[in-house]
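Visitor: Pasted the sequence and its predicted model underneath.
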Amino acid sequence: MLKDRAPKRVTVDGQTYAIGYMPADQALDVFHRLAELFLPVMRELSGPGIDADAQTFAALEQGFLRYMRGGADTEAVILPLLSVVLVDGQPLDQVWGTHFAGRLMSFYRVAWAAIEHNFADFFAGLDDLKAIAAAMAATRSTARPDDDAAPTGSSRA
């Protein structure tokens, strides 16, 4: 059960935060929103022919600018993440605007810690996902065009 999991304590810039877990439905929604933000950035980073530093900067800039549009999309990611973080006994989603005033890098560090904590199993499984993707790609590259055809004697019309 969610309540049986102890929060992770992290200290960012001298302030201690207790990070809990989002309910699965909320985490899934945040995960999909984060994927919408970062998958294009990752695609840019994996492209050939560009200097790695310039490519990294351009991709991060693209993702950062997309994130900075703000509004409902940004709040749909930030507020659920911060709702499971306590600072001085208060839910961070209720005080984050004033708490991080003048300390935006601290905000990003805490938000990243909440992402790492809530999606640790996903990050741990990335190697498994890479292996699955590689196996699927290998299967596709060795498949013959007639592999999807109906077997001989089939009644498919």
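Guide: Good, I have the coordinates.
Visitor: Now do residue 33 against residue 26, distance only.
Guide: 11 Å (C-beta to C-beta, to the nearest Å). C-beta coordinates here come from the backbone N, C-alpha and C atoms, glycine included.
Visitor: Equivalent analysis for residue 112, please.
Guide: Counting by C-beta to C-beta - residue 112 and residue 26 are separated by 18 Å.
Visitor: For residue 87, which residues are in contact?
Guide: Residues near residue 87 by C-beta atoms under 8 Å, 6 or more residues apart in numbering: 15-18, 95, 99.
Visitor: Any buried residues in stretch 8-28, and which?
Guide: 8, 10, 12, 17-22, 26-27 (16 or more other C-beta atoms under 10 Å).
Visitor: Which of the residues you listed fall within helices?
Guide: 26-27 (DSSP state H).
Visitor: Would you mind putting the buried residues of stretch 8-28 into JSON lines with pLDDT alongside?
Guide: Listed next are the buried residues of stretch 8-28 as JSON lines, based on pLDDT from 0 to 100:
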{"residue": "8", "pLDDT": "92"}
{"residue": "10", "pLDDT": "95"}
{"residue": "12", "pLDDT": "96"}
{"residue": "17", "pLDDT": "97"}
{"residue": "18", "pLDDT": "97"}
{"residue": "19", "pLDDT": "96"}
{"residue": "20", "pLDDT": "94"}
{"residue": "21", "pLDDT": "94"}
{"residue": "22", "pLDDT": "92"}
{"residue": "26", "pLDDT": "90"}
{"residue": "27", "pLDDT": "89"}
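Visitor: What about residue 107, how many residues nearby?
Guide: 18 (other C-beta atoms under 10 Å).
Visitor: Remind me which helix or strand it belongs to.
Guide: Applying DSSP states H and E as the criterion places residue 107 in helix 104-118.
Visitor: packing partners for that helix?
Guide: Helices and strands touching helix 104-118, by 3 or more C-beta pairs under 8 Å, 6 or more residues apart in numbering; DSSP states H and E, are strand 8-12, strand 15-19, helix 24-45, helix 71-83.
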